Each structure stands twice: as C-alpha cells, then as structure tokens.
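[1] this one's sequence-less:
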C-alpha cells in the first residue's frame with residue numbers, strides 16, 4: 001500500500017530524526033522521546049513508535065507498514081498495547 005516499506009532492511013532506522021515530531025531539539029537532533037503539552041509522549045524505535053497519553057495512561061504502538069510484525073525491544077509499559085499499522089488507510093468506530 002501507499003506509504004508502506006517495500007524492501008525492509010533491518011539495518012535501516014525508519015524513524016530517523018528528520019521523520020520525528022519535533023517539540024524541541026537536543027544537540028541539533030530531534031530526541032527519541034518527545035512530549036507534547038505534557039499530555040502526550042511519542043517514543044521512537046527503529047520500526048515503530050509508541051504513543052502514550054500521559055493523562056489517561058493509554059498506550060498505542062504505531063508500526064510502520066511493511067516492517068516485521070515482531071516489535072523488537074518493546075518496553076514493558078507497551079506490552080499488550082493496541083498496535084496500528086501506519087500509515088493508517090482507513091478508520092471507523094462502532095458509532096460511525
């Protein structure tokens with residue numbers, strides 16, 4: 001699909017600094033963990049990112065489409081979190 005990795009390479013960093021949400025720069029680089037308005041935190045890993053709602057404590061894992069489903073080095077706080085493949089091509093809820 002559009003935006004999916006077509007030739008996965010385990011040595012590539014799929015979320016390098018230039019592809020991260022930037023809420024501050026540390027030593028000229030976008031940090032691996034960004035906090036926005038003290039409500040949300042995004043932690044970047046090689047093939048996925050972890051979105052944490054710091055108020056509700058909800059955790060979501062956003063895995064880059066075309067990368068392995070196995071989430072290497074997943075922190076304990078994210079085990080069991082809902083995993084979305086990104087980019088998301090469609091979304092619906094029970095009420096829509």
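    Arrived safely, thanks for sending. Quantities reported herein were computed from a predicted structural model and do not represent experimental measurements. Residues are numbered from 1 along each chain as shown.
[2] quick one: the strands in the chain?
    33-36, 40-44, 48-53, 59-64, 82-86 (DSSP state E).
[3] for those, which one sits closest to residue 73?
    strand 48-53 (9.7 Å; CB to CB). Bear in mind the C-beta positions are built from the backbone N, C-alpha and C, glycine included.
[4] Now do the closest one and strand 40-44, the angle between them.
    Per axes from the mean of the first three to the mean of the last three CA atoms, to 10 degrees, the angle that strand 48-53 makes with strand 40-44 is 170 degrees.
[5] Show me which residues of strand 48-53 are buried.
    The neighbour-count check on strand 48-53 (16 or more other CB atoms under 10 Å) flags 48, 49, 50, 51, 52 as buried.
[6] quick one: average confidence on stretch 81-96?
    The average of the pLDDT scores along stretch 81-96 is 77.
[7] same thing with stretch 16-36?
    Per-residue scores along stretch 16-36 average to 59.
[8] How about stretch 61-73?
    Mean predicted lDDT for stretch 61-73 stands at 93.
[9] Tabulate the strands of the chain (TSV), appending distance to residue 9.
    Shown next, in TSV, are the strands of the chain (distance: least, CB to CB, whole Å):
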stretch	distance to residue 9
strand 33-36	24
strand 40-44	17
strand 48-53	15
strand 59-64	12
strand 82-86	18
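[10] So the spatially closest residue to residue 74 that is not a sequence neighbour versus residue 82, what's the distance?
    Nearest residue to residue 74, sequence neighbours excluded (CB to CB, 6 or more residues apart in numbering): residue 61, at 7.3 Å. Distance of residue 61 to residue 82, computed by CB to CB, to the nearest Å: 7 Å.
[11] Perfect, I'm done here.
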